[in-house]
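*Asks:* with the input below, show me the fold.
(2 chains)
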Amino acid sequence: MQRSKALTEADRLMTICNSCRYCEGLCAVFPAMEMRRAFSGGDLNYLANLCHACGACYFDCQFSPPHEFNVRVPSVLARVRHESYADYAWPPALAPLFKRNGLAIALISAVSIAAFILGFVAFNDPTALFERRQGPGSFYALMPHDTMALLFGAAFLWAIVAFVKGARAFWTDIGAQQSTLAEPRPFLRAVRDAASLRYLDGGGVGCYNEDERPDDNRRFYHHLTFWGFMLCFASTSVATFYHYLLHREAPYPLWDLPVVLGTFGGLGLVIGPLGLYAAKRKREPAMVDAGSRGMDAAFLAMLVLTGATGLALLVLRDTSAMGLLLALHLGAVFALFITLPYGKFVHGLYRFLALVRYAKERLTAAAQSPSK
Amino acid sequence: MNAESAIAGHALAYDVVVVGGGNAALCAAIAARRAGASVIVLEAASKFYRGGNTRHTRNMRCAHDAATATLSGPYTEDEFWDDLLRVTEGETNEQLARMMIRESKDMLDWIAEQGVRFQPSLGGTLSLGRTNSFFLGGGRAMLNALYLTAERLGVDVLYDAEVIALDIRDDRFQAATVQQPDGRIRVRGEALIAASGGFESNIDKLVEGWGEIARNFLIRGTPNNRGTVLDMLLAAGVDSIGDPTQCHAVAIDARAPKYDGGIITRLDCVVFGIVVNNKCERFYDEGEDAWPKRYAIWGRLVATQPDQIAYIIFDAKSANLFMPSLYPPIKAGSIGELAATLGLDPEKLTETVKQFNASVRDGDFNPDILDDCHTENLTPPKSHWARRIDTGPYYAYPVRPGITFTYFGVRVDHEARLTMKAGGPAANMYAAGEIMAGNVLGRGYAAGIGMTIGSVFGRIAGHGAARHAAQ
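*Replies:* Just a heads-up that it's a prediction; the model follows:
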């Protein structure tokens, strides 16, 4: 099969890096590289998804530009990563969404939000959108809970199916063993490495972004984003539990768990992505894959939109703005859900799987050579 | 005294002027600044290429009495001295060398305090895991850490600042003339530290020592080590030390760029095959000793062959036994075909391989020890790891001498102060690193010792210069 330009370039770089190995202590990519001598497309996709783009190897490299060897591991692996997302997309017919991802996500979001506004109007009295409501069940006056649950449940289920299909495609492509996924040790190691963003720390001093001065900003903002997302997810899960098992209807009081979780989560989802975006704007251009800018920005924007509309809904839920904000928030969340498998979100999935594979490879290597 | 304001006024004055921007220069600058002096670093290269050959290094050899988090066992001063004595065959100054080794013990902590991070030995370098401390991220990472520390301390650094003249009167440094992209400036100083590297990038200067054959040498590191500051110091009456043909030279891939190819053009496969010159003749025992102990002799060996080129020939059995390198080996289905591809005489190479194969005595091949696979009745012999070259495809790497750094330089005393030809120390001039490496390393090479020389003498020079400036 004809290799893409990015894969060919990644192969060239890994051949250089494997002859040098100075960066071996910085992250997982280089030790994984050293376990190989030649690099198949699957190997390169594995290494690319293992890379957290901390940037240390760029500023530590004696061969980065303007050196003639032109070694730019972070940007080249970013390109390979991006292309790999399209390769693993399910259904394959939707893979082109990764081509002009920023535009695609923006259009889908706009349509989704418009649909919710129109839906609220179409299924209710046109003035219902701006009516002031209060107390339990006020949201569901605009959209019945069961309809909401069905719609979002279906979108979420779709995303799950797409993730499973994508994960299988990735796992097969990188040549990993099916059985590894059933082993607890590599899995738990990967959970720890992912949760702590172990490899976004530049080998210990923080990641690199603008220049050779490390800082830990990107890791900090990524933690805010990730844990913000998880808190929002937890908020929704608790609310679903309340609704169906405790028969308590939203909106909930400010002190109640779904609101507390959602508030902190929402703040994380707003501040985290904004911090990441600010870092991205200042990033050393040679470390950036220009073709991924749209995808990166679109995902960050979606997260901010989700968090910000959720927070606005909380603050203004007792006013006449509630109806419109609910439509906005639900439209944003729905768009986020249905585009999860077709945007930057998948980086988490493939990177986690790459970390599982890496943990397994390390365990196997350690078992084979007790000397090191 | 920080001279920010003076930069615009074209007349800079500092306590200590450091010429060069590598490990030795930065250790000197940091030590002098920490001792209270105002310091400027004059780096001829651009910011990216700053640091000379330090960019390409990866470790330093320091004595230590116990294993550390990154070193697998003790390496005593005596053992270090024995190693140095062995590789230099006595071409060293015992007093200076022993002092350097003693000081190297403290260097591990000192360097770490300047922000440099260490890691266990890299993959493929297990043999250095006890003696050598590896920089996390390599030499450029080390440099970045040193520069950040120097800048934080208030050391001024000028890039693209080549020293084109030194004003030295009565063994006393007065000022340096510096060529910058936008004009010349004069930098006065109470003391000078010359840490500007060797002269290996100046091919004409190599030719003076080696003859015309030096035109076929490749330079593994910076193109900026032209020895101009060394020449200025010698012309000002500073005493020299060392032999102009002595240097750290290894055999590297002949396809490497003329300069700055760095570590990735090295080839670790000599022990697994045979090495022939362009007359298809072998010329040295490829299996004399373990590769890490012998790799540094092959640059000189190839330098003495016709046209300064040689070819490592091996077969499929050995293709994956050594560290990969930048360029793939040249491959062919038969030895004759391989010779034709290399531009060698197919019949002669086939005959050489045939003779070699016929003299191989079977043994238990083991690349990790001095095994018993050797040749009999062959000149030169191959003492270990001799296996018949009989399994296609066949491979070859063309190799040339790759000069890493030179040893001829300025003579210094135990304070890293320059010694004048007329006798006695210079008033206020010091040197550290490659420019004075020959004081300790008259010949031969031990991995990581260049960085030891740079760091140890850099710190001593920095302290000495600061002390002098304070008087």
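*Asks:* so B:Lys348 makes contact with B:Cys280?
*Replies:* Yes: counting by CB atoms under 8 Å, B:Cys280 is a contact partner of B:Lys348 at 3.8 Å. Where C-beta positions appear, they are placed from N, C-alpha and C, glycine not excepted.
*Asks:* mind listing the shared neighbours of the two?
*Replies:* When CB atoms under 8 Å, 6 or more residues apart in numbering or on different chains defines a contact, the residues bordering B:Lys348 and B:Cys280 alike are B:Ala339.
*Asks:* who has more neighbours out of the two?
*Replies:* B:Cys280 (21 against 15; other CB atoms under 10 Å in any protein chain shown).
*Asks:* can you confirm that one is in a helix?
*Replies:* No: read with DSSP: H, G, I helix; E, B strand; the rest coil, B:Cys280 is coil and lies in no helix.
*Asks:* kindly provide the distance from it to B:Ile203.
*Replies:* Per CB to CB, to the nearest Å, B:Cys280 is found 28 Å from B:Ile203.
*Asks:* which ones are touching the residue of chain A at minimum distance from chain B?
*Replies:* Closest to chain B within chain A is A:Tyr22: 2.8 Å, counting by CB to the nearest CB. Residues near A:Tyr22 by CB under 8 Å, 6+ apart: A:60-62, B:58, B:122, B:135, B:137-139, B:141, B:263.
*Asks:* so which of those belong to helices?
*Replies:* Per DSSP state H, helices hold the following members of the contacts of A:Tyr22: A:60, B:138-139, B:141.
*Asks:* now, which of these sits nearest B:Glu415?
*Replies:* Of all the ones in helices among the contacts of A:Tyr22, B:Glu415 sits closest to B:Gly139, with 26.9 Å by CB to CB.
*Asks:* chain A contacts on the stretch 351-471 of chain B?
*Replies:* By CB under 8 Å from any CB of the partner chain, no residue of the stretch 351-471 of chain B approaches chain A.
*Asks:* separation between the residue of the stretch 351-471 of chain B found nearest chain A and B:Glu190?
*Replies:* In the stretch 351-471 of chain B, the residue that lies nearest chain A is B:Asp368 (10.2 Å; CB to the nearest CB). As judged by CB to CB, B:Asp368 and B:Glu190 stand 55 Å apart.
*Asks:* more neighbours, these two?
*Replies:* More crowded of B:Asp368 and B:Glu190, by other CB under 10 Å: B:Glu190, with 21 against 8.
*Asks:* would you mind giving the secondary structure of that one?
*Replies:* strand.
*Asks:* not counting its neighbours along the chain, what's nearest it?
*Replies:* The spatially closest residue to B:Glu190, leaving aside those adjacent along the chain, is B:Ala469, at 3.8 Å (CB to CB, 6 or more residues apart in numbering or on different chains).
*Asks:* tell me the one of the contacts of A:Tyr22 nearest B:Pro223?
*Replies:* Looking across these and measuring by CB to CB, the closest to B:Pro223 is A:Gln62, at 13.3 Å.
*Asks:* need phi/psi at that closest one.
*Replies:* phi -80, psi -10 (degrees, to the nearest 10).
*Asks:* do you have the helices of the stretch 201-350 of chain A handy? List them.
*Replies:* A:217-241, A:257-282, A:293-315, A:322-339, A:346-368 (DSSP state H, counting those that start in this stretch).
*Asks:* right, so the ones you listed: which one is the most enclosed?
*Replies:* helix A:322-339 (a mean of 23; mean count of other CB atoms under 10 Å in any protein chain shown).
*Asks:* one step back: kindly present the helices of the stretch 201-350 of chain A as TSV, with separate columns for mean pLDDT.
*Replies:* Below are those laid out as TSV (pLDDT from 0 to 100):
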stretch	mean pLDDT
helix A:217-241	95
helix A:257-282	97
helix A:293-315	96
helix A:322-339	95
helix A:346-368	96
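*Asks:* tabulate those helices (TSV), appending distance to chain B.
*Replies:* Below are the helices of the stretch 201-350 of chain A laid out as TSV (distance: least, CB to the nearest CB, whole Å):
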stretch	distance to chain B
helix A:217-241	17
helix A:257-282	18
helix A:293-315	25
helix A:322-339	37
helix A:346-368	11
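*Asks:* ok, B:Tyr394 - contacts?
*Replies:* B:Tyr394 is in contact with B:313-316, B:331-335, B:337-338, counting by CB under 8 Å, 6+ apart.
*Asks:* could you check how far the nearest residue to it once chain neighbours are set aside is from B:Ala358?
*Replies:* Spatial nearest neighbour of B:Tyr394, chain neighbours left out: B:Leu338 (4.8 Å); criterion: CB to CB, 6+ apart. Remark: distance between B:Leu338 and B:Ala358 (CB to CB) = 19 Å.
*Asks:* more neighbours, those two?
*Replies:* Neighbour totals were compared for B:Leu338 and B:Ala358, and B:Leu338 leads with 26 against 12 (other CB under 10 Å).
*Asks:* run the chain-centre distance for the strand or helix carrying the more buried one.
*Replies:* Following DSSP states H and E, one finds B:Leu338 within helix B:335-342. In this view, helix B:335-342 has its centroid 34 Å away from the chain centroid, taken as CA atoms, centre = their mean, to the nearest Å.
*Asks:* cool, stretch B:12-25 as well?
*Replies:* With CA atoms, centre = their mean, you get 21 Å for stretch B:12-25.
*Asks:* would you map the strands across the stretch 151-300 of chain B?
*Replies:* B:156-158, B:162-169, B:172-180, B:183-194, B:218-219, B:240-241, B:247-253, B:274-277 (DSSP state E, counting those that start in this stretch).
*Asks:* ok and the residue in the stretch 1-150 of chain B nearest chain A?
*Replies:* In the stretch 1-150 of chain B, the residue that lies nearest chain A is B:Gly138 (2.8 Å; CB to the nearest CB).
*Asks:* separation between that residue and B:Val360?
*Replies:* Counting by CB to CB, the gap from B:Gly138 to B:Val360 is 39 Å.
*Asks:* so the two - more neighbours on which side?
*Replies:* B:Gly138 (30 against 18).
*Asks:* the residue nearest to the more buried one when sequence neighbours are not counted and B:Thr70, how far apart?
*Replies:* Closest residue to B:Gly138 apart from its sequence neighbours, by CB to CB, 6+ apart: A:Tyr22 at 2.8 Å. Plainly put, A:Tyr22 is 15 Å away from B:Thr70 if you go by CB to CB.
*Asks:* before we move on, what about B:Trp81?
*Replies:* 23 Å.
*Asks:* then A:Arg12?
*Replies:* 31 Å.
*Asks:* which strands and helices sit next to the longest helix seen in chain A?
*Replies:* Counting residues, the longest helix in chain A under DSSP H turns out to be helix A:145-173. Here helix A:145-173 touches helix A:41-50, helix A:73-88, helix A:322-339, helix A:346-368, going by 3 or more CB pairs under 8 Å, 6 or more residues apart in numbering or on different chains; DSSP states H and E.
*Asks:* what about the shortest one and chain B, touching?
*Replies:* No: shown here: helix A:41-50 not in contact with chain B (CB under 8 Å from any CB), separated by at least 13.8 Å.
*Asks:* let me see the mean pLDDT of that helix.
*Replies:* What helix A:41-50 shows for mean pLDDT is 98.
*Asks:* do the same with the second one
*Replies:* Confidence for helix A:73-88, expressed as mean pLDDT, is 97.
*Asks:* how about the CA coordinates for that helix, as PDB?
*Replies:* Presented in PDB, the C-alpha positions along helix A:73-88 are these (Å, rounded to 0.1, in the frame of the first residue of the first chain):
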ATOM      1  CA  VAL A  73       8.800  14.800  15.800                       C
ATOM      2  CA  PRO A  74       5.800  16.600  17.500                       C
ATOM      3  CA  SER A  75       4.300  18.100  14.300                       C
ATOM      4  CA  VAL A  76       4.900  15.100  12.100                       C
ATOM      5  CA  LEU A  77       3.400  12.700  14.600                       C
ATOM      6  CA  ALA A  78       0.500  15.100  15.000                       C
ATOM      7  CA  ARG A  79      -0.200  14.800  11.300                       C
ATOM      8  CA  VAL A  80       0.100  11.000  11.400                       C
ATOM      9  CA  ARG A  81      -2.200  10.900  14.400                       C
ATOM     10  CA  HIS A  82      -4.800  13.100  12.600                       C
ATOM     11  CA  GLU A  83      -4.700  10.900   9.500                       C
ATOM     12  CA  SER A  84      -5.000   7.800  11.600                       C
ATOM     13  CA  TYR A  85      -8.300   9.100  13.200                       C
ATOM     14  CA  ALA A  86      -9.800   9.100   9.700                       C
ATOM     15  CA  ASP A  87      -8.400   5.600   9.000                       C
ATOM     16  CA  TYR A  88     -10.200   4.200  12.000                       C
END
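*Asks:* that's all I had, so thanks and see you.
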